[in-house]
Every structure is written in structure tokens, then in C-alpha cells.
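1. Sequence plus predicted model, see below.
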Amino acid sequence: MSAPDNNQLVANGKKSVFTRFLDTVEWLGNLLPHPVTLFAMFAVAVVLGSGIASYFDVNAIDPRPEGAAGRAADGVIRVVNLVSVDGLQRIISNLVTNFTSFPPLGVVLVALLGVSIAEHSGLISAAMRGLVMGASKRAVTVTIVFAGIISNTASELGYVVLIPMAAVIFHSLGRHPLAGLAAAFAGVSGGYSANLFIGTVDPLLAGFTQQAANLIDPGYTVGPEANWFFMILSTFVISLLGAFVTEKIVEPKLGKYDANEAAVDLGNPSLEALTKDEKLGLKMAGLAFLGLGILLVLSVLPEWGPLRHPETGEVAGSPFLKGIVVFIFITFAIPGFVYGRIVGTMRNDRDVIDAMAKSISSMGLYIVLVFFAAQFVAFFGWSNLGAIIAVKGATALQEIGLTGPELFFFFIAMCATINLSLGSASAQWAIFAPIFVPMLMIVGYSPEVIQAAYRIGDSVTNLITPMMSYFGLILAVAARYKKDLGIGTLIATMLPYTLVFFIGWTVLFYVWVFLLGMPVGPGSPTYYEFTG
């Protein structure tokens, strides 16, 4: 029996505690201004706040040892007043460079150029279709969740293509279509941060993390590969957890599907199999990808590899890791073009250019957001407010004794809760990173580990918040199969995924990082120590 939706509950003159909670989340989310406006307001608030804090001489003892880069001569961090002649001149002089030198901007756009070729040629869509449709009935659930996670390399493709396709596949197999939709939604949105590949979200978050880490350690760098190991492991764990929830909780709860519940005539559901050209295109694209992989391995693994560090000969700090966004571009662009040439979607350089231009044109809102986010992060750093809040927050954690690995359970839970009302991963981390990265670094944890923990919290509640940008699209697709379906029904269906993902992923993080002592990414330390 399905859970009653909001409309049914209102009609009955009552609302459950769960429904009232969802209403509150939606109400709070609607109170928030647009993320661009939010960052503009925050930037102004930092400037004004620096003037007030400077007037009252707000300060903190610098925890860094003598001689450390950026440490004040007298060992005291003081607020820099931006409501002053010097502050105004600094703001005006650096407004453009704050934007153009903002780390996430260039790396995300470069990575997107490569991904756009693979996406517009049809390679990623065909690969997902082949993966899901080629799975056996026994493995179809876990394959759909897995495909959903992998689809995140191509932005909205998972939402637009895979989720509706998963519902059709389940229906064609005589299973409940909403269970297929839920499984795909769980992978695409609940497993948002996990992936086998380094995608556009990795350099985006790493840029914010590095900016935040530089507030107390100006020389610290965070690369797009910072969480790669942990996210590869997470891909398989989330796939298994998603399949478990689908088959053991969600599908039994939904029961046998009755086609009379559909809002439209579904007919005989089926999907077109891959054509001969598409299969050949996938094969040749796979060979191109394999060839590129072999070249990279030969350039990095041998001691004489040209992409190793020129002085130390190590992989850490090497041109390979520093330029990994370039390799993201290449490993998507070349196989994408190979596939496009074979199937006829890309015949010449004009088609490649058009594909890249379309993707960049769709990033207009992101570029506007970055402009204001860059100002907020810069002002926060100049004013020293971020460093002072971090020191005082770290001191408070030390005073209450919450400095062990268990503090990450609270941090992940807090990120997951805030994500209910602020659904954008980049917007939330741009606000959180300048505060929590320095704070937890002072306690003793590396920026890479802090970022990995944030990505768990940011992902698991995407499934149950109406503030998630594609929630309306998912609701519309689901309503095709159940005409009286409301927001409450959809969220109640996805809630088990959120709970299981939160518990399972957090435990995985704790075991991997703190019990096994494994790094979250290549060259990523677990702990941070101040050095001179």
C-alpha cells in the first residue's frame, strides 16, 4: 500500500509528522533567495561585518607555529576592516581578478569541454543504454543504480535519460516502474559524488576547498583527484546499497503494479536496442579510451615517465596530477569524437566546436554564480573573519573534547540537513568551506578528508528535498505511472535510500579513513599538521 500524498492527507483534514516536516523544509527552502543573490548578500555582509568586528577588536590567537607562512608577527589574528579607504581600494582593484583567478572556474569549464563532446556525440547515452539493457534480469537493479552514479560525469543526462528509461525497463520486465525510477534516482542523485571517473564536480569542489585551506596555509593545494580512491570504492558500495533498498524495501512496499493507476496509456513498454553502428561506435570508442589509458600509464608508472615530478620522480605533485583536468578533457573528447564519426553525429571539426559551444552556453548561470561566490570567498579571506571563526570553532571543539574521528558523524549529518534547504553542491560548499575546512584543519584533519565527508552529506538528502533542481522533473515522470502521486509519496519512497545511504556511506568513510588508514585519494593525507 503506497503512502498517502500531501493532497490526500489535507483532504482528510490531517497531516502526519513526516508531512509537516516536509512542508517545513519546502517553506524554509522557498524563503531562501536565489544562490546568486545569496552570495551577493553574503559578500556585502562580510564587508560590513568586518567593519563592525574591527571596531570591537575581534581577534584570535594564531595556532600556527612561529615562522609558518601567513602567521602574524605577534601571533594574533585580527580582523581587517574592509569598510575603509584601503578596503574599498582593494575591493575595486581586485573585483575582476577575484573572478578570473577563482580556481573552480577554469578547471570546470575545461573539463566540461571534453565531456560535452562525449555527451553530444551520443557516446554517454549509448553507453548507459547498452549497460542497462544488456544486464541480466538478476543484475538489472544494481546495474541501474551503478549507471545512475556513472551518469554524473555528464551533468543532467542521468535525470533526463536514465531515470525515465529505468522506469520503462522495470515495467517491461513486469516489475513496478516506480521501483526502477527510484533505483535510478538513487544512483543519479543519492550517489551524486561517487564515480569511477574524475568528473566536473571534482575540480569544482577542490577549488573551493583549496581557497578555504589557503586561509591558514597559503601554500596548500587540493587537486581534482583528492577524493578519487574513496569515490571509486563508494561507487560499488552505493550501487549495492541502492539495489538492496530497491529489492528488499521499496519494491515490496510498492507491490504489484496495476496499469490502471497510470495517468496515460503506457501501451507495450519497450526500448530500442543499440543499432549496429552504435555497437561499433562503442567498441571503437572503448578502444580509443583504452589506448589513451595505456599512454597515461606509460607516462606515469615507470620511473622514467615524463609526467612524473621532474625533481623528486614521484607521482605526488607531478604534472600528471596538477594537469589532471587536461586528461579529463582528452579521455572524454577523443572517444566521443571517435564514436560520433562512426554513428554520424560528428563528421568534422564544426560539429565538435558546436558541441563544446552548446555546453559552455548552458553554463551562463554557473559563471554568474562563480563571479559572486569568488567575491564572497575573497572578502572572507581578506577580512580574516574566516580564520578567526575557524580558530574559535576549533577551540570550542577542543574544549568539549569533540576532536576525534566521531566529529565527522556530526559534520556529515549537519551537511545533510542543510542540503534539504540549499540543494546546490557548489553553493553550499562555497559557504561551508571557508569556515569548516580551516576549523577542522586546526583540529588536525586534512582538507581532502574534510571534503570527502562533505560530499557524503551533500549527496544523501538530495533524494528527499523538493529544493533539488530536478525534483519536479522526477515527480512528473513518476506521475505518468501513478496519476494521484504527490510530493509526499515520492519522498516517502526515496526516504529509505537516504537513511541507508547516510548510515552505510558514513560507516564506510569511518572504516576506510580511520580504521584502515587508507587515503581518500592519491597523495591525500588523512591528518594535517602546521609546518613552518
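-> All right, it came through fine. Numbering: from 1, shown residues only.

2. going forward, measure contacts between C-alpha atoms and count neighbours the same way
-> Fine.

3. how close does Asp351 get to Ala273?
-> As judged by C-alpha to C-alpha, to the nearest Å, Asp351 and Ala273 stand 25 Å apart.

4. From Thr141, how far out is Ala167?
-> Using C-alpha to C-alpha, Ala167 is found at 11 Å from Thr141.

5. and for these two, which residues touch both?
-> Gly180 (C-alpha atoms under 8 Å, 6 or more residues apart in numbering).

6. residue ranges with poor pLDDT in the stretch 251-400 of the chain?
-> Judged against pLDDT under 70, the low-scoring parts of the stretch 251-400 of the chain cover residues 262-271, 316-317.

7. Give me the neighbour count for the residue nearest to Arg341 when sequence neighbours are not counted.
-> Across the structure, with C-alpha to C-alpha, 6 or more residues apart in numbering as the measure, the residue nearest Arg341 apart from its sequence neighbours is Arg347 (5.4 Å). Here the count is done by other C-alpha atoms under 10 Å, and Arg347 has 15 residues near it.

8. now do the one 10 residues further on
-> The local packing of Ala357 (other C-alpha under 10 Å) involves 14 other residues.

9. tell me the phi and psi of it?
-> Dihedral angles phi and psi of Ala357 (degrees, to the nearest 10) take the values phi -70, psi -40.

10. Neighbour count: Asp351 and Ala273, which is higher?
-> Using other C-alpha under 10 Å as the criterion, Asp351 and Ala273 rank with Asp351 on top: 17 against 13.

11. Tell me the gap between the helix or strand that contains that one and the middle of its chain.
-> Taking DSSP states H and E as the definition, Asp351 sits inside helix 349-361. Offset of helix 349-361 from its chain centre (C-alpha atoms, centre = their mean, to the nearest Å): 24 Å.

12. Let me know the next secondary structure element after it.
-> With DSSP H and E, the next secondary element past helix 349-361 is helix 364-383.

13. And the contacts of that next one?
-> Applying C-alpha under 8 Å, 6+ apart, the external contacts of helix 364-383 come out as 35-36, 39-40, 42-43, 46-47, 50, 79-82, 91, 95, 98-99, 102, 105, 211-212, 215, 386-387, 427, 430, 434.

14. And stretch 201-212, by the same measure?
-> 102-105, 107-108, 193, 220-226, 325, 377, 426, 429-430, 433-435, 437-438, 447-448, 451.

15. and it, which residues are buried?
-> 201-212 (16 or more other C-alpha atoms under 10 Å).

16. ok so, going back, from the contacts of helix 364-383, which land in helices?
-> Applying DSSP state H to those, the entries found in helices are 35-36, 39-40, 42-43, 46-47, 50, 91, 95, 98-99, 105, 211-212, 386-387, 427, 430, 434.

17. Show me how to select, in PyMOL, the buried members of the residues you listed.
-> With 16+ other C-alpha under 10 Å as the burial test, the buried ones among the ones in helices among the contacts of helix 364-383 are selected in PyMOL as follows:
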select buried, resi 35+36+39+40+42+43+46+47+50+91+98+99+105+211+212+386+387+427+430+434
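
18. May I have the predicted confidence score for Ile77?
-> The score at Ile77 is 81. That number is its pLDDT.

19. Report how many residues lie close to Gly174.
-> A count of nearby residues for Gly174, using other C-alpha under 10 Å, gives 11.

20. so how far is Phe411 from it?
-> If you go by C-alpha to C-alpha, the gap between Gly174 and Phe411 works out to 42 Å.

21. Over to Leu131?
-> Distance from Leu131 to Phe411, counting by C-alpha to C-alpha: 36 Å.

22. What of Phe244?
-> 26 Å.

23. Extract the C-alpha trace of the helix or strand hosting Phe236 and format it as CSV.
-> Secondary-structure assignment from DSSP H and E places Phe236 in helix 228-245. Below are the C-alpha coordinates for helix 228-245, written out as CSV (Å, rounded to 0.1, in the frame of the first residue of the first chain):
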residue,chain,number,x,y,z
TRP,A,228,39.3,9.7,-6.2
PHE,A,229,40.1,6.5,-4.3
PHE,A,230,37.2,6.9,-1.8
MET,A,231,34.7,7.8,-4.6
ILE,A,232,35.7,4.7,-6.6
LEU,A,233,35.0,2.5,-3.6
SER,A,234,31.8,4.4,-2.9
THR,A,235,30.5,3.7,-6.4
PHE,A,236,30.4,0.0,-5.8
VAL,A,237,29.1,0.3,-2.2
ILE,A,238,26.3,2.7,-3.1
SER,A,239,25.3,0.5,-6.1
LEU,A,240,24.9,-2.5,-3.7
LEU,A,241,23.1,-0.5,-1.1
GLY,A,242,20.8,1.0,-3.7
ALA,A,243,19.9,-2.4,-5.1
PHE,A,244,19.3,-3.8,-1.6
VAL,A,245,16.9,-1.0,-0.7
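
24. Which other helices and strands does the following helix or strand past it contact?
-> Tracing the chain C-terminally past helix 228-245 and defining elements by DSSP H and E, one meets helix 251-254 next. Helix 251-254 is packed against helix 177-185, with contacts defined by 3 or more C-alpha pairs under 8 Å, 6 or more residues apart in numbering; DSSP states H and E.

25. gap between the helix it packs on and the chain center?
-> Going by C-alpha atoms, centre = their mean, where helix 177-185 is centred and where its chain is centred differ by 21 Å.

26. Stretch 151-166 now?
-> 15 Å.

27. just stretch 328-337 next, same as before
-> On the basis of C-alpha atoms, centre = their mean, stretch 328-337 is displaced by 21 Å from the centre of the chain it belongs to.

28. So which residues lie in contact with it, not counting its own?
-> Contacts to stretch 328-337, defined as C-alpha under 8 Å, 6+ apart, come from residues 110-119, 121-123, 198-199, 284-286, 288-289, 292, 346, 352.

29. Tell me which entries of those lie within helices.
-> 110-119, 123, 284-286, 288-289, 292, 352.

30. Report the residue spans of the protein with pLDDT below the cut-off.
-> 1-32, 64-73, 154-157, 262-271, 316-317, 421-426, 467, 469, 530-532.

31. What separation do you get for the residue of it most remote from its centre and Pro63?
-> Using C-alpha atoms, centre = their mean, the residue of the chain lying farthest from its centre is Asp74. It sits 40.0 Å away. Using C-alpha to C-alpha, one obtains 12 Å as the distance from Asp74 to Pro63.

32. Assumed Ala60 was part of a strand.
-> Yes: the assignment for Ala60, made by DSSP: H, G, I helix; E, B strand; the rest coil, places it in a strand.

33. Quick one: classify Val513 as helix, strand or coil.
-> With three-state DSSP as the criterion, Val513 was assigned helix.

34. now Met518
-> The three-state label for Met518, taken from three-state DSSP, comes out as coil.

35. mind checking how far it is from Glu448?
-> Separation of Met518 from Glu448 (C-alpha to C-alpha): 12 Å.

36. of these two, who's got more company?
-> Regarding Met518 and Glu448, a neighbour count based on other C-alpha under 10 Å identifies Glu448 as having more, with 30 against 16.

37. ok, then the element right after the helix or strand hosting that one?
-> When elements are assigned from DSSP H and E, Glu448 belongs to helix 447-460. Scanning the chain past helix 447-460 towards its C-terminal end, the next helix or strand to appear is helix 471-481 (assignment: DSSP H and E).

38. Can you point out the buried residues in that next one?
-> Judged by neighbour count using 16+ other C-alpha under 10 Å, the buried positions of helix 471-481 are 471, 474-475, 477-481.

39. same for the very next helix or strand once past it, what does it pack against?
-> Toward the C-terminal end, the helix or strand that comes next after helix 471-481 (DSSP H and E) is helix 487-510. Using 3+ C-alpha pairs under 8 Å, 6+ apart as the contact criterion, the secondary-structure elements in contact with helix 487-510 are helix 6-11, helix 228-245, helix 447-460, helix 471-481.

40. want to throw those into CSV with distance to Val160?
-> Listed next are the helices and strands packed on helix 487-510 as CSV, based on distance: least, C-alpha to C-alpha, whole Å:
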stretch, distance to Val160
helix 6-11, 25
helix 228-245, 20
helix 447-460, 18
helix 471-481, 8
